[in-house]
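1. Can you look at this prediction? I've put the sequence above it.
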Amino acid sequence: MDPSARHLGAVPEPEAGGSAASRPDLGGLLRSSARGDEAAFAQLYDATSSRIYGLALRVVRDPAQAQEVTQEAYLEVWKSASRFDQAKGSAISWLMTIVHRKAVDRVRSAEASSRRDTTYHDTTNQVEHDSTADAVETRMEARRVRSALAGLTVVQREAIALAYYGGYTHTEVASMLDLPVGTAKTRIRDGLIRLRDALGVGGERHE
């Protein structure tokens with residue numbers, strides 16, 4: 001059986017707490033997984049599945065859909081673990097990026113399907129909704145955001161990924177990255193300033 005299917009038929013159980021010293025080395029587990037180590041992948045799943053499922057649920061807002069997105073995300077992790085580069089960010093932010101992309105794709109696909117159905121039922125005389133144009137626009141916007149994120153420092157990028165992809169508070173980000181809360185807030189704030197400059201938009205996050 002493909003190890004990436006581990007426990008994915010059910011909602012992940014909450015992960016056990018622990019000090020930073022007792023937490024598993026997620027980067028090491030990813031590297032072992034890239035070499036086909038199924039036991040390491042199982043440990044990676046057990047250590048991260050609650051957070052991955054939680055993010056998927058926050059985006060898609062449906063438990064069944066969130067389980068499917070979680071499964072898709074871990075399948076991709078198993079297949080592409082060799083692409084993880086710790087020099088570019090933490091393992092958890094890499095995992096969060098994958099599941100966030102999968103979840104957003106699921107939501108956009110559902111919305112596009114709904115728009116097509118609405119258009120068809122509203123009038124059969126209009127040209128069917130051009131989903132290709134929407135897809136192109138979505139890909140262009142995604143590339144723009146990825147380009148902006150690439151302009152951040154590694155520490156800014158992983159803090160932003162956890163705070164905005166993961167939906168974690170500043171305090172939770174600080175705990176996950178083993179940082180003082182003030183340092184985590186500074187990284188998030190500075191990263192947002194650079195993102196706003198790159199994207200030409202405004203906005204702020206409130207705790």
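-> Yep, that arrived. Numbering: from 1, shown residues only.
2. So for the strand or helix carrying residue 64, what gets flagged as buried?
-> Element membership for residue 64, per DSSP states H and E: helix 63-80. By 16 or more other CB atoms under 10 Å, the buried positions in helix 63-80 come out as 65-74, 76-78. To be clear about C-beta, it is placed using only N, CA and C from the backbone, and glycine gets the same treatment.
3. cool, stretch 96-111 as well?
-> Neighbour count says stretch 96-111 has 96, 97, 98, 99, 100, 101, 102, 103, 104, 106 buried, by 16+ other CB under 10 Å.
4. now, which of those sits nearest residue 200?
-> residue 104 (21.1 Å; CB to CB).
5. one step back: now do the helix holding residue 64: which elements does it pack against?
-> If contacts are counted by 3 or more CB pairs under 8 Å, 6 or more residues apart in numbering; DSSP states H and E, helix 63-80 sits against helix 26-34, helix 38-60, helix 91-122.
6. Please report the number of neighbouring residues for residue 25.
-> As a burial measure, residue 25 scores 14 neighbours (other CB atoms under 10 Å).
7. oh, I was asking about residue 172
-> Other residues within reach of residue 172, judged by other CB under 10 Å, total 16.
8. the domain parsing of the chain - what is it?
-> 1-122, 141-200 (automatic domain parsing).
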